[in-house]
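**Q** For reference, the sequence and a predicted model appear below.
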Amino acid sequence: MTIAVHISFPDTKTDPAKNFNYRCFSILAVKYPEHRFNFIFDKPYDTQLINQPNITTHVLTPQIKNRLLGHYWYNYKLPSLLNKLQADLFVSDRINISLRSKVKQQIILPDLSFLQKENLYPKSESRYLKKHFNQFATKATGISVTNQHTGVELEKLYPQVKGKTQVIGMGLNDKIKNMDADKIQHIKDHFTNGKEYFIAYITDVSAPNSIVLLKAFSAFKKRQLSNMQLVLALSPSQKEPLIKDFSTYKYRDEVKIIVPESEGTLGEITAAAYAAIYLPAMDVVEDRGLIALKNNVPLITVSNEFCKSMYNDAALYAKISDANIAEKMMLLYKNENLKNELANIGNLVGGMYSWDNTASNLWQSLQYSPA
């Protein structure tokens, strides 16, 4: 089988290992040397990234810098290349596919956030996807989704995709290893003067709930009178000051705001935490909550079907209110058995999320695609 895959790195600072198509299809190329894989880039790439003999690379211009160029690339440049390659299947790096190609095409759909009023897409791209996704879903021979909830909602909104969807999960790096008591204490000494702490992940997705999180921490401190700290782990895209008038916040000395220098550092800070908090304001797939689960750290997250589909029984679910979030923080603080139980369940759930598992599930999804 000849498979063509679009791989798009937004910029030179992007970690290739985080690109879904690059990571999964690199694994599949090694696993299935009898098949041919064509990696299609829309701009120059680091040639050292590709060393598998059954992977052939192509740079197809123009570079996709905006929605108009993306439409032109997919519908007027890509079809001829796919014909030249005699591709049996094309897998997009984006939600859209080519409406002009007769080659079988697969969509990898992380979530449906582009349909939400508040999302992370540029407005022009969001409008484009909302306008054309019905066509994309109809034409695609298969749609791989990251979780069950996305698949269910997709079939409700677009009944024509029934029978096309397959759940493949998502890739996740290995958990932090060899975190003994001395290492954990070293991390606590460095970040919180040796005190226990909740780690809260602040990303573009969860930042809108930062104020309610701080209010919840205030309520927790007032009722527990403990030395517990709160570590706000910002993603690189977040800028300080994160919260307006933070200098007047009563417990500001017990809140540490950090930007982890690497994914490894974030994993270590997570593994040493008492518990983790992740409060997404949108139904967007991110790895933050899963990092906690994979490192045996109990998680507090938002009570909605999207999050429950991601974390199952491995998390405590809270409404977006300071009282309810504080209640869950106090519950974990008071109930050591519950904390340990959630950590054990989280280890099992988190262990299901790996690049190897996701690549294998994706391969099954590609084989399932109807003719």
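**A** It's in.
**Q** switch to C-alpha atoms for all contacts and neighbour counts from now on
**A** Will do.
**Q** any idea which residue sits dead centre in the protein?
**A** Nearest to the geometric centre of the chain sits residue 286, at 2.6 Å (C-alpha atoms, centre = their mean).
**Q** Against residue 192, how distant is that one?
**A** Distance, residue 286 to residue 192, by C-alpha to C-alpha, to the nearest Å: 26 Å.
**Q** Can you pull the domain assignment for the chain?
**A** Taking automatic domain parsing as the domain assignment, the record places the domains of the chain at 2-171+355-368, 181-351.
**Q** would you turn those into JSON lines with mean pLDDT?
**A** As requested, the domains of the chain are exported to JSON lines (pLDDT from 0 to 100):
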{"stretch": "domain 2-171+355-368", "mean pLDDT": "93"}
{"stretch": "domain 181-351", "mean pLDDT": "92"}
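**Q** which one is residue 313 nearest to, not counting chain neighbours?
**A** Spatially, and ignoring its direct neighbours in sequence, residue 313 is nearest to residue 345 (7.0 Å; C-alpha to C-alpha, 6 or more residues apart in numbering).
**Q** So the one you found is in contact with residue 311, correct?
**A** No: Residue 345 is beyond contact range of residue 311, at 9.6 Å (criterion: C-alpha atoms under 8 Å).
**Q** Please enumerate the helices of the chain.
**A** Remark: helices assigned in the chain by DSSP state H are 20-31, 67-72, 78-85, 123-139, 148-157, 181-192, 210-224, 263-271, 288-294, 305-311, 322-334, 336-351, 355-368.
**Q** Reformat these into TSV and put mean neighbour count and distance to residue 200 next to each item.
**A** Output for the helices of the chain, formatted as TSV (neighbours: other C-alpha atoms under 10 Å; distance: least, C-alpha to C-alpha, whole Å):
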stretch	mean neighbour count	distance to residue 200
helix 20-31	19	25
helix 67-72	15	34
helix 78-85	16	42
helix 123-139	15	29
helix 148-157	17	24
helix 181-192	15	14
helix 210-224	18	9
helix 263-271	20	9
helix 288-294	27	9
helix 305-311	19	16
helix 322-334	19	12
helix 336-351	18	16
helix 355-368	19	24
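**Q** any chance of those helices in CSV, plus distance to residue 98?
**A** Converted to CSV, the helices of the chain look like this (distance: least, C-alpha to C-alpha, whole Å):
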stretch, distance to residue 98
helix 20-31, 17
helix 67-72, 8
helix 78-85, 7
helix 123-139, 8
helix 148-157, 20
helix 181-192, 49
helix 210-224, 39
helix 263-271, 35
helix 288-294, 32
helix 305-311, 29
helix 322-334, 44
helix 336-351, 35
helix 355-368, 17
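**Q** Between the ones you listed, which one is closest to residue 234.
**A** Nearest to residue 234, of all these, is helix 263-271, at 9.7 Å by C-alpha to C-alpha.
**Q** now the angle between helix 181-192 and that closest one, please.
**A** On the basis of axes from the mean of the first three to the mean of the last three C-alpha atoms, to 10 degrees, helix 263-271 is oriented at 100 degrees to helix 181-192.
**Q** which ones are touching residue 114?
**A** Counting by C-alpha atoms under 8 Å, 6 or more residues apart in numbering, residue 114 touches 120, 121, 126, 129, 130.
**Q** these two touch, right, the third one and residue 115?
**A** Yes: with contacts defined as C-alpha under 8 Å, residue 126 counts as touching residue 115 at a distance of 7.4 Å.
**Q** ok, the nearest residue to residue 139 once chain neighbours are set aside to residue 298 distance?
**A** Closest residue to residue 139 apart from its sequence neighbours, by C-alpha to C-alpha, 6+ apart: residue 99 at 7.3 Å. Look at residue 99 and residue 298: by C-alpha to C-alpha, they are 45 Å apart.
**Q** For those two, work out which one has more neighbours and name it.
**A** Neighbours were counted for residue 99 and for residue 298 using other C-alpha atoms under 10 Å; residue 298 has more, 29 against 18.
**Q** Am I right that the more buried one is in contact with residue 273?
**A** No: if you go by C-alpha under 8 Å, residue 298 and residue 273 don't touch, sitting 9.2 Å apart.
**Q** Pretty sure residue 145 is one of the things residue 164 touches, is it not?
**A** No: taking contacts as C-alpha under 8 Å, residue 164 lies outside contact range of residue 145: 10.3 Å.
**Q** who has more neighbours, these two?
**A** residue 145 (25 against 20).
**Q** So that one is in contact with residue 169, correct?
**A** Yes: assessed by C-alpha under 8 Å, residue 145 is found in contact with residue 169 at 7.1 Å.
**Q** Now do the residue sitting furthest away from the middle of the chain against residue 99, distance only.
**A** What lies farthest from the middle of the chain is residue 225; by C-alpha atoms, centre = their mean that is 35.2 Å. As judged by C-alpha to C-alpha, residue 225 and residue 99 stand 61 Å apart.
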